[in-house]
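>>> sequence and computational prediction follow.
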Amino acid sequence: MAVTASTPISLVRGTYERFEERIGPVRERLGRPLTLAEKILIAHLDDPDAEFARGRTYNDLRPDRVAMQDATAQMALLQFMTAGLDEVEVPTTVHCDHLIQAKENGRIDLLAAREGNSEVYDFLESVSARYGIGFWKPGSGIIHQVVLEQYAFPGGMLIGTDSTPPTPVGSA
């Protein structure tokens, strides 16, 4: 999988192409219109014929993208490494923004973060390179804004690891 700094248009087209074929039968089965959230979830079901009942059933989903920040990506990537896979299945990125502490000013704080967290950053960068994961080094932007500007698209499903409340980005 090629690592790019944006969502490939083929991924967006694929998501939109499967929307009606996946949600049409469910809309008929339920006999009612679907909310936007329901449409997005149904379009990303692993098994589009799966039965589901709100609050009672569990279903596997196939997200379009994964985004992780540096503080929680460490454990997620350690777990991924044990899965025995050669590369990620969907476009995935690591964003190094959470280990930067705002104390003095941007330049000094970034230098302090690079010095104090170099081992973490080196680990994340090497694992990212090994498994085909995009790597946004310290100082390249805040994960929420980068995802909004580079990866989000209406109707898409992005999951990720983060330590703060989510920012609405146009994807569910």
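All right, it came through fine.

>>> any idea which helix or strand comes after the helix or strand containing A113?
Here A113 sits within helix 106-116, counting by DSSP states H and E. Once the chain leaves helix 106-116, the next helix or strand it forms, by DSSP H and E, is helix 118-131.

>>> which stretches of this protein have low pLDDT?
1-4, 163-172 (pLDDT under 70).

>>> can you show me the strands along it?
Assigned by DSSP state E, the chain shows strands spanning 65-69, 92-95, 134-136, 158-161.

>>> residues near I142, how many?
Applying other C-beta atoms under 10 Å, we find 16 residues neighbouring I142. Quick note: C-beta positions are derived from backbone N, CA and C, even for glycine.

>>> tally up the residues packed near the residue nearest to it when sequence neighbours are not counted, please.
Spatial nearest neighbour of I142, chain neighbours left out: D97 (5.1 Å); criterion: C-beta to C-beta, 6 or more residues apart in numbering. Look at D97: counted by other C-beta under 10 Å, it has 21 neighbours.

>>> surely D97 and Q69 touch.
Yes. A contact is recorded between D97 and Q69 when judged using C-beta atoms under 8 Å, the distance being 6.0 Å.
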